[in-house]
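Participant: I would like the atomic coordinates for the input below:
(chains A and B)
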Number of protein chains: 2
Amino acid sequence: MPFDLPNVPDITQPELAARLQQLLDNKTKPVGSLGRIEALAQRIGLILDSDTPALVSPQLVVFAADHGLVARGVSAYPSEVTWQMVQNFLAGGAAVSVLARQHGMGLTVVDCGVAHAFDPQPGLVISKVALGTADSLEGPAMTEAQARVALASGAALVRELSGNALLLGEMGIGNTSAAALLLARLCGLDVADCTGAGTGLDAQAVQRKIAVLRQVLDRHAAAREPLAVLAAMGGFEIASMVGAILQAASERRVILVDGFIASAAVLVASRLQPAVLQRCVFAHRSSECGHALMLAHLKAEPLLDLGLRLGEGSGAALAWPLLVSACALLREMASFEAAGVSRQEEPFGGTIPAN
Amino acid sequence: MPFDLPNVPDITQPELAARLQQLLDNKTKPVGSLGRIEALAQRIGLILDSDTPALVSPQLVVFAADHGLVARGVSAYPSEVTWQMVQNFLAGGAAVSVLARQHGMGLTVVDCGVAHAFDPQPGLVISKVALGTADSLEGPAMTEAQARVALASGAALVRELSGNALLLGEMGIGNTSAAALLLARLCGLDVADCTGAGTGLDAQAVQRKIAVLRQVLDRHAAAREPLAVLAAMGGFEIASMVGAILQAASERRVILVDGFIASAAVLVASRLQPAVLQRCVFAHRSSECGHALMLAHLKAEPLLDLGLRLGEGSGAALAWPLLVSACALLREMASFEAAGVSRQEEPFGGTIPAN
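Facilitator: This next block holds a predicted model:
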């Protein structure tokens, strides 16, 4: 085993949680009136171990790789789109490029196993395990040794990143299939409920995709443990994301989870180290069939529900300002006392003085 | 009549709508995969009459006033909180102050009729119609002449604002009552379905609030036309907002609507000039009972659903970056052709060449 999984301890802190709640309740607003933004501020405070949390130098990482299973016709787009989109990310023309610019965040693209030889370029990290996974209908998508290499490279990447927030993005034609397979096997669900149109299959093609995925699950009926399932049916970008999540969690970075594929990586990571979920914020509910089930399984309530199904980390980037807002509100809003604002009246009409 | 309502013409433009859709469909992403962000980009493009829309110098305006009906015990907070919170907005300690700073937007507070004499201060516009409305259980909240003055001052304010986007905020202890009354009368709904906890009434107090509002509606049974309803049961901040909305709409500004109170102003404005709604983006679904009904009536699908119920324009400010993102994506994303990315495969496996 060339890679020891980072340890992710429990960060439950009742005193800090109570202090954060008290701070929020003393802000000049009706108690609870900022709704889920208050829960978000709580969570970020707990992750960063601070009652004045500040997000610094956010890093969006797009993990990219190809999938042997694409040969079975599970995607509406050809595999070559993976490398073409990597070039598009780096050239600044993809959705996530635009959003990262808008929010002033770092954007790193990682070649975890794209079936293409890239020239070295600024913003591109080449950590290629292979030229795409093997066809998981014929055998494991990757060997366990390859899975370990991908995990280790994801973790190593995060160790080098500045800041205290990681936004998860991915690109890989075929990777909704891998995510559906992981969800079905790890959560014991019917793969038909986990499988959607991906980049845009029609209804008939979705049925063919489901039939292929059933065969893949049968082929790997023995794979039950998280790393074995990941190796048998996952992807290099997903494995690398699992390593990145574990490392980011061990360093108490805020992890902003994008859509279906990123959530599948969180699912695997949380099976290895359950306290990973304490560091996660879920950006959005994808319209990709299966994501709602995945979120329910992870007991996650995402921030946005806008019918997104692009991936790349685009949903995470769209949700990002809400995290910044939550921290700013916690740090900068005045208390009733400081602002000289009267509190809620008592039931019988008396007013609690402001101080 | 000292004030002619601004005219708000229809801005339906099928050619521009088609061009915007074609631009969105040619961006390097699966068709429709940015979900409601694409509809948002469409809408802003149509409002600003541009296929490269850019939002400039956003202005958040907080309309503030007091309500005579508060004497009937309809709010959990005393009226003095209105002026105290105005001071808090100006001092930078309120939620909306923090959020306006975060997003670099202008913040203007308008005293439309607060029961307090403010010293002149930077950021405060004093357009006081009276020291709060009259008790609408005893007579009309304001005279029709007062309503006209408030409408005119809201319109005049917007004429002086820079930029092309108006974010609606409000502050007025008691104004969820006014909004519930407007919703009930203008949409023919039972006021019990329109009435919620406001700033934090308990269940028993909500029942008392509903009983008071029923009496107010009975008292003004004859008021049916939008301006008559507004005068009888509205508030100075709502009337001023109606004028601001009409003016902003006539200038084709993007109007970002906050919660229940701001939506009530949009409801009144849209009864006067239906094409107002073409210029509106609804920021969020408030947890204030009645807002979901109001949004359904306006056929509005808000961007966020985070359990907010603060007002001030805080929900509008939280949603703002999504509008900026929608425009940036429309302007800056590459097309398939420009990026050299392959398109979706045809049903039988052929690939449409990128150019």
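Participant: can you give me the helices in the stretch 101-250 of chain A?
Facilitator: In the stretch 101-250 of chain A, the helices defined using DSSP state H, counting those that start in this stretch lie at A:144-160, A:175-187, A:191-194, A:203-219, A:226-233, A:236-250.
Participant: how close does the residue nearest to A:Ile126 when sequence neighbours are not counted sit to A:Leu46?
Facilitator: Distances taken as Cβ to Cβ, 6 or more residues apart in numbering or on different chains place A:Asp111 nearest to A:Ile126, at 4.8 Å, with adjacent residues excluded. For every residue, glycine as well, the C-beta is placed using N, CA and C. Distance check for A:Asp111 against A:Leu46: by Cβ to Cβ, to the nearest Å, it reads 34 Å.
Participant: neighbour-wise, which of the two wins?
Facilitator: Neighbour tally, A:Asp111 and A:Leu46, criterion other Cβ atoms under 10 Å in any protein chain shown: the higher count belongs to A:Asp111, 26 against 20.
Participant: look up the pLDDT of the more buried one for me, please.
Facilitator: As predicted, A:Asp111 sits at a pLDDT of 98.
Participant: contacts only, for the residue positioned nearest the centre of chain A.
Facilitator: Centroid-nearest residue in chain A: A:Val257, 2.4 Å away (criterion: Cα atoms, centre = their mean). Neighbour list for A:Val257: A:168, A:263, A:266, A:280-283, A:300, A:316 [criterion: Cβ atoms under 8 Å, 6 or more residues apart in numbering or on different chains].
Participant: tell me the bridge partners for it.
Facilitator: A:Phe282 (DSSP bridges).
Participant: distance of it relative to A:Ala265?
Facilitator: As judged by Cβ to Cβ, A:Val257 and A:Ala265 stand 8 Å apart.
Participant: pLDDT weak spots in the stretch 101-250 of chain A?
Facilitator: Across the stretch 101-250 of chain A, nothing is flagged by pLDDT under 70.
Participant: and A:Ala156, how far is that from A:Leu227?
Facilitator: For A:Ala156 relative to A:Leu227 (Cβ to Cβ), the value is 18 Å.
Participant: these two - which one has more neighbours?
Facilitator: A:Leu227 (19 against 16).
Participant: excluding chain neighbours, what is closest to the more buried one?
Facilitator: Residue nearest to A:Leu227 in three dimensions, not counting chain neighbours: A:Ala147, with 6.1 Å by Cβ to Cβ, 6+ apart.
Participant: just A:Ala265 next, same as before
Facilitator: A:Met241 (3.7 Å).
Participant: tell me, how many residues neighbour the one you found?
Facilitator: 34.
Participant: that one touches A:Gly172, doesn't it?
Facilitator: No. A:Met241 is beyond contact range of A:Gly172, at 10.4 Å (criterion: Cβ atoms under 8 Å).
Participant: for the stretch 1-150 of chain A, which residues are neighbours of chain B?
Facilitator: A:27-31, A:33-37, A:73, A:76-78, A:80-81, A:84-85, A:87-88, A:91-95, A:98-99, A:101-103 (Cβ under 8 Å from any Cβ of the partner chain).
Participant: A:Cys289: what's it in contact with?
Facilitator: Contacts of A:Cys289 by Cβ under 8 Å, 6+ apart are A:193-197.
Participant: what do you get for A:Leu48?
Facilitator: A:54, A:164, A:252, A:254.
Participant: cheers, nothing more for now.
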